[in-house]
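A predicted structure for the sequence below; I have some questions about it.
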Amino acid sequence: MDRCWYHGNITRSKAEDLLSKVGKDGSFLVRASESISSAYALCVLFRNCVYTYRILPNKENKLIVQASEGVPVKYFDNLDELIEFYKKENMGLVWHLKYPVQREEEEAADEPEEDAAPPILPPRPFLVALPASEIKEASPLNDNSKVTEVSKLSLSDTLLQRLQSQDTSSVSEEHLKLIQDYLRVHITSDFEMVQMGSSSLPQLKKLLTVLCKGLFSEASRTLPSLESIQKVFDQQLPPGIHQRSQLLGEASPVNVVLKLNQLISLLSSAEEKVKTLLIEGPDSTHRRSLIPPVTFEVKADSLGISQKIHLKVDVEMGKLIIKKAKDGPEDKFYNHKKILQLIKSQKFPNKLVIVLETEREKTQRKEYVFADSKKREGFCQLLQQMKNKHSEQPEPDMITIFIGTWNMGAAPPPKKITSWFLSKGQGKTRDDSADYIPHDIYVIGTQEDPQGEKEWLEVLRQSLQEITSISFKVIAIHTLWNIRIVVLAKPEHENRISHICTDNVKTGIANTLGNKGAVGVSFMFNGTSLGFVNSHLTSGSEKKHRRNQNYMNILRFLTLGDKKLSPFNITHRFTHLFWLGDLNYRVELPTTEAENIIQRIKQQQYPELLGFDQLLMEKKDQKVFLQFEEEEITFAPTYRFERNTREKYAYTKQKATGMKFNLPSWCDRVLWKSYPMVHVVCQSYGCTSDIMTSDHSPVFATFEVGVSSQFVSKNDSKYTESQGQIEFLRCCATLKTKSQTKFYIEFHSSCLESFVKSQEGENEDGNEGELVVKFIEALPKLTPIISDPEYLLDQHILISIKSSDSDESYGEGCIALRIEATESLVPFYTVLTHHGERTGVFQGDIKLQTSQGKQREKLYGKSLALGGSSTPTDISNPNYMGVVAFSQQLSAPGQLKQSPSSDQPSAFWTYDQQPKENAPVMGQRESTSTPSSQSPLSPKPSIQPTANRSSGPRSQEHVPADMGKSVAEPLLQEEVQQKPEMFDNPLYGAMSSKGKVASKKEQDYPTVLRKEHPVIPNHGSLLTKPQDADSSKSSNKQPSPPFLTPTPRFRSYTCSSQPEEKTISEKAQGKQKPTASLENPAPLKKPVKPSRSEVGSSSQGQFSKPPLPTKSRAVLDMQTTKGRDYRESSELPHQGKHRPEEGPVGRTTTPVCCLWELAG
């Protein structure tokens, strides 16, 4: 029977859309259940509402449909029998099954690329194909065994004839005889091994061992000589070379290849080693693992006179030295503890203010102008490295991560690929002064990788050792066909990394071939969960919808991270999730525009082309990579080049079906998604210019990432006596669904003993296609396992809104506990997503109670607003420790839009640009109609990008749409008149100099300055400059703090914490109440009585409301509802190192997404 009604693994929302399109009572389909892997979900449409019945198999694999308690359970042998039974009327469903909904036709799978090498498949039994002439000579035999024997004999004769036809005069007689013997006799033995499915060829190995005996012995004799030369000129050999040379063994093919590879490696590097020593001197090599002192020439103003001075950063000694002459004596020096703060100018990208501590705890501000923005960034990175190196804390608060992606085009890499790991080339690159700073973790993703894992690992480790002199540890390597991901880490981090997990998903033809798909790695770094996904999506300019589907399939089926977080996909399972790879999204322009595109690339008019980038357009429409962020693209398209050059794009390819066009495109990308209120900054994003073996250029991105330590209680009795508590009040979920069921909430977190389930909420009608669920008195109080604020304020709560009829999730969100207003009600607002789609919003109040104590002082701190601004401003850290930026002009209130949502990128810092029309303020984090964005950079010759788009911690949604909008204008009106010259961010506490320190109120009430993504212009439209802001009257009044905040632990990066929530909630009282919609969430007070006219009720019409599907006892017995202990680690993936007492695990990802719009 044709199961046209079975739709497999489509999502719940997709099923509802298909049923709504049909719009007839009794329309139905069957899909796979999202809550139980072996179950199904029967979806039925009745009066414009979708009812879901779960179909469960019992122990005998009989199928049963959940039913109301007391209704007899009926068993079915298969789905066909079940469907036929319920096509009859009055069988217990809300309506009998009448109209099966047909499956949608899938887009054709992508064709295998011609220049991609097929993967090496396991050997299979086969028969040898013979030449036609020899087939004629063979006498026809009916017996299969005889045919096989003839084939064997014919194979030997054929190969011997080929050998005789060659010129073998240079082959020794001894070797020639051995080859002939193998072809005549021994090849039949190998042939039999192949027929049985074996990959071993023992007779061939014996032959090669004898033939290479002389070569092997000669290589073994030569290798120590080369190693001796290497040792003279380099004190550190690549790992393992010396040890391997001692292992002589037999002259097997594997050993011979190993010896030759060692010879090649030593010969290719000898000249470079000698040249380096002659240039640097014989004493330089032992210091290569150290970061050498770096001197920067800057300008400083003294009494109005500009003069040149030199700043020398000695990372190893922990000193900043100020000299008047480069080679002159030291004028002054400051210990790392005396460097309190860096202040970056937004208006001048090469200006920096350093706040230093002088004698008697006084502070001094020194302003310097660097040669360019890259020099300033390099200087900041070196100071950051110095602060980290000499920190008194045993565990790091921040690490740097290198992300690299490269489609190798089935070609081996060149000898030198170090520019990739140094972030050198086009785009946002690192300064030369940062070359000696190694990253903590390197994640390298490749596609169409022709090399073996060991071979590629050797290339990576040798390249990293060449530039860092560190032997990096392999954390994980995972390969799916030619898609591979490798994770390397500093040796010192090996014991900090645990719970390593790897997985892959195939998205090739019929989702069964691995030529397209994804590989992933996840692990815990102390108390922070990290996830990395490398994907190769469907190719072809016209197949963006299939690429979107590839992405959705990877989201749903890639299994990484904590297994106890089953309601959540990978976008919610990690504190930081990085997605890299050849995503294959193209520039969507007519093929006739090819030459015009190339001209624009030559003129570096990238923003205009990015307006037609498929990925940015699909993200803007919220069809893919919802809540992910991407750094601004300032480099040329990375595909499709002619090989061995980066000067010419090969955008045409002749195929049997005709000419195929591959317009230059940004196929290779790096995106990320993090929890709210955590620190992540993209420091570089670009591509190399000197690696040309593939038609793709390698892409690099580097990140500064905040991490948390494993919490160890210093006084257990203290925390047990003073128990903490997390309380949610007056919560409301607005869901995009046509389902008619009850809903409850599951709370998950590593800070909870186990997940907690709420009672069912009360349903109310929302806007068309929406349902409002209110949880007024139904939410339980959550008790964290540790109540110390040092631990608790770093945690997050994951929520899942689930249906009572099928226990399927209708939306997931994440709420940060970094709340300054402890013991007080704080409003929150978070976007709900499910399987990569936006499904609603969740809002309410949260109250956090912690034990007595304060946060441990870290290296990063709170920002303070200075310069006379009447409204306190919280500065998200643009780059480094205590780094803040000069203020940006604010727009007129009339031009204000709502603050960025979790679907929008966090701010990055503007330099020399016009004031924005859309100045963000606190309020609703998302506007679904017209999200804000920034005007693109004007097309000019290449200039170094000067700002980081991801500015420090992810902020969290707090206030609904209308509420945020209502307070936005008053806040701006206070700020517009007096614009601060700069903002400070103390590194070690509040500064005490008069006139330069914000008040306590300002310290406690910062707001977020955010920078937006480049615009996606409307096709064919021109951008207009934003108008200058109008000034308005300033107000110097500040709201009184309703509480005293604990002294924060200052970190090496800024972590803003939105302490303005209370003020906004107070200002918003009495304002217009939001309506129940996705854009304007429902109010929490004065609930409206539900009225679903489509369904009707006994009091409103002749049709009584059908009973909701509930579970029978037979079904309930098959389900497990007992919560599990989050502190147990036995169920966590732990292929890697595992320490059972390390504290909480299971962190997840923040809902933050990049949206785009046209400014002006």
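Nice, thanks for sending it over.

who's residue 649 bridged to?
residue 641 (DSSP bridges).

residues contacting it?
Going by Cβ atoms under 8 Å, 6 or more residues apart in numbering, residue 649 touches 598, 601, 637, 640-642, 664. No exception for glycine: its C-beta is placed from N, CA and C like everyone else's.

Go through those residues and single out the one with the most neighbours.
residue 637 (26 neighbours; other Cβ atoms under 10 Å).

is it true that that residue touches residue 586?
No - the pair residue 637 and residue 586 fails to qualify as a contact (Cβ atoms under 8 Å) at a distance of 9.2 Å.

how about the helices in the stretch 401-550 of the chain?
418-421, 453-468, 544-557 (DSSP state H, counting those that start in this stretch).

right, so of those helices, which gets closest to residue 383?
helix 453-468 (19.5 Å; Cβ to Cβ).

What residues sit buried inside that closest one?
456-466, 468 (16 or more other Cβ atoms under 10 Å).

before we move on, the earlier item: adding mean pLDDT and distance to residue 777, write the helices of the stretch 401-550 of the chain out as CSV.
Below are those laid out as CSV (pLDDT from 0 to 100; distance: least, Cβ to Cβ, whole Å):
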stretch, mean pLDDT, distance to residue 777
helix 418-421, 97, 56
helix 453-468, 95, 57
helix 544-557, 95, 35
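
now those helices in JSON lines, with distance to residue 783?
Formatted as JSON lines, the helices of the stretch 401-550 of the chain follow (distance: least, Cβ to Cβ, whole Å):
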{"stretch": "helix 418-421", "distance to residue 783": "46"}
{"stretch": "helix 453-468", "distance to residue 783": "46"}
{"stretch": "helix 544-557", "distance to residue 783": "32"}
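
what stretches of this structure score poorly on pLDDT?
The chain contains residues with pLDDT under 70 at 1, 68-70, 106-154, 197-199, 233-250, 268-269, 272-289, 712-722, 821, 853-1160.

What is the nearest of the buried residues of helix 453-468 to residue 627?
residue 460 (31.0 Å).

mind checking how far the closest one is from residue 73?
58 Å (Cβ to Cβ, to the nearest Å).

Give me the helices and strands touching whichever strand or helix holds residue 704, please.
Element membership for residue 704, per DSSP states H and E: strand 699-706. In terms of contacts (3 or more Cβ pairs under 8 Å, 6 or more residues apart in numbering; DSSP states H and E), strand 699-706 is packed against strand 398-407, strand 528-536, strand 576-582, strand 668-674, strand 680-687.

one step back: so what sits against both of residue 637 and residue 586?
The contact sets of residue 637 and residue 586 overlap at 665, 667 (Cβ under 8 Å, 6+ apart).

Report the buried residues of stretch 604-611.
When burial is assessed from 16+ other Cβ under 10 Å, stretch 604-611 yields the following buried residues: 604-607, 609-611.

again with stretch 306-317
309-315.

what do you get for stretch 792-807?
792-803, 805-807.

Just name the closest of those to residue 295, please.
residue 794 (38.2 Å).

Confirm that the closest one sits in a strand.
No - read with DSSP: H, G, I helix; E, B strand; the rest coil, residue 794 is coil and lies in no strand.

ok, the closest residue to it other than its chain neighbours - contacts?
Of all residues not flanking residue 794 in the chain, residue 708 sits nearest, at 4.8 Å (Cβ to Cβ, 6 or more residues apart in numbering). Taking Cβ under 8 Å, 6+ apart, we find residue 708 in contact with 397, 526-528, 794.

So what's the residue count around residue 778?
16.

Is it in a helix, a strand, or coil?
Quick answer, by three-state DSSP: residue 778 is coil.

Can we start the residue count at 302 from this point?
Sure, I'll start counting at 302 from here, so that last one is residue 1079.

my guess is it meets residue 1061, correct?
Yes - contact criterion Cβ under 8 Å: residue 1079 and residue 1061 qualify, at 6.8 Å.

overlap in contacts of these two?
Joint contacts of residue 1079 and residue 1061 (Cβ under 8 Å, 6+ apart) are residue 1045.

Check what contacts stretch 607-621 and list those residues.
Taking Cβ under 8 Å, 6+ apart as the rule, stretch 607-621 contacts 591-592, 594-602, 622-627, 632, 634-637, 640, 655, 669, 680, 683-684, 686-687, 690-691.

got the end-to-end distance for it?
21 Å (Cα to Cα, to the nearest Å).

Could you do stretch 793-812 as well?
40 Å.

Stretch 1082-1098 now?
So stretch 1082-1098: terminal residues 13 Å apart, Cα to Cα.

Hmm, residue 1036 is touching residue 1135, no?
No - assessed by Cβ under 8 Å, residue 1036 is found out of contact with residue 1135, at 9.7 Å.

okay, and the common contacts of the two?
1111-1112.

can you tell me which residues contact residue 1046?
Taking Cβ under 8 Å, 6+ apart, one finds 1032, 1034, 1058-1059, 1062, 1076, 1080, 1100-1103 in contact with residue 1046.

Make JSON lines from the buried residues of helix 754-769 and add distance to residue 351 to it.
As requested, the buried residues of helix 754-769 are exported to JSON lines (distance: Cβ to Cβ, whole Å):
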{"residue": "757", "distance to residue 351": "49"}
{"residue": "758", "distance to residue 351": "51"}
{"residue": "759", "distance to residue 351": "55"}
{"residue": "760", "distance to residue 351": "54"}
{"residue": "761", "distance to residue 351": "51"}
{"residue": "762", "distance to residue 351": "54"}
{"residue": "763", "distance to residue 351": "58"}
{"residue": "764", "distance to residue 351": "55"}
{"residue": "765", "distance to residue 351": "54"}
{"residue": "766", "distance to residue 351": "59"}
{"residue": "767", "distance to residue 351": "60"}
{"residue": "769", "distance to residue 351": "57"}
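
And residue 354, how far from residue 307?
On the measure of Cβ to Cβ, residue 354 and residue 307 end up 15 Å apart.
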